[in-house]
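J.: The sequence and its predicted three-dimensional model are supplied below.
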Amino acid sequence: APADVDEAGGDFTSTWCSNTTGLLGLDAWSNKAVGAGRTNTMTADATCTSGAVQTAVDYTAPSFNGVAKDDWWLPSAGELMLMYANLLQAGVGDFPGRAYWTSSERSASNAWAEDFVFGYEDYNAKGTNGRVRPVRGF
């Protein structure tokens, strides 16, 4: 997405999912891989009614040549790491120095996030607020 997405409230942060204590089965190593974000998001969308997952699913980009895109997802840990390494480091994407949610879980109460200040991966409680940057295939 060309910018961070706001769930509500204007601060551009969101909890990970409305379900902050249940494991959705997105905690395997393969759920962190590049290419796993779309499947992770579709799986989480069956349970999440709000939060970063739902914000990414509900995002509709501004129209390009009259066609709006509505196939966005929350990136996996690997996908977000590449965004940090390739976009932020090149000065592209207007990323503020914050932690961004991934679609990858660590446990029933934690999900992975990518720190866009120092570039490291960490986990946060699912009820913690983080930034949301949807992605889509092309």
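T.: Structure's in. What do you need?
J.: Please tell me how far the residue positioned nearest the centre of the chain sits from residue 108.
T.: By Cα atoms, centre = their mean, the chain has its centre lying nearest to residue 74, at 3.5 Å. Distance of residue 74 to residue 108, computed by Cβ to Cβ, to the nearest Å: 18 Å. Just so you know, the C-beta spots here come from the backbone N, C-alpha and C atoms, and that holds for glycine as well.
J.: can you list contacts of the helix or strand of the chain with the lowest mean pLDDT?
T.: Counting by mean pLDDT, DSSP states H and E, the chain has its least confident helix or strand at helix 52-58, which shows a mean of 92. The contact list for helix 52-58 (Cβ atoms under 8 Å, 6 or more residues apart in numbering) reads 5-7, 14-18, 41, 44-45, 48, 72-74, 101, 103, 130, 132, 134.
J.: again with stretch 131-138
T.: 1, 3-7, 12-14, 37-38, 52, 55-56, 59, 61, 69, 71-75, 79-80, 83, 93, 95-96, 98-101, 116.
J.: switch to 7 Å and redo it
T.: 1, 4-5, 12-14, 37, 52, 55-56, 59, 69, 71-75, 79, 98-101 (Cβ atoms under 7 Å, 6 or more residues apart in numbering).
J.: In strands, which of the residues you listed appear?
T.: 99-101 (DSSP state E).
J.: Buried subset of those residues, written for PyMOL?
T.: Only the buried entries of the ones in strands among the contacts of stretch 131-138 go into this PyMOL selection, using 16 or more other Cβ atoms under 10 Å:
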select buried, resi 99+100+101
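J.: quick check, nearest of the ones in strands among the contacts of stretch 131-138 to residue 89?
T.: residue 100 (14.6 Å; Cβ to Cβ).
J.: can I assume that closest one is in contact with residue 111?
T.: No: in this structure residue 100 lies outside contact range of residue 111 using Cβ atoms under 7 Å: 11.1 Å.
J.: quick one: residue 39 from residue 59, how far?
T.: 17 Å.
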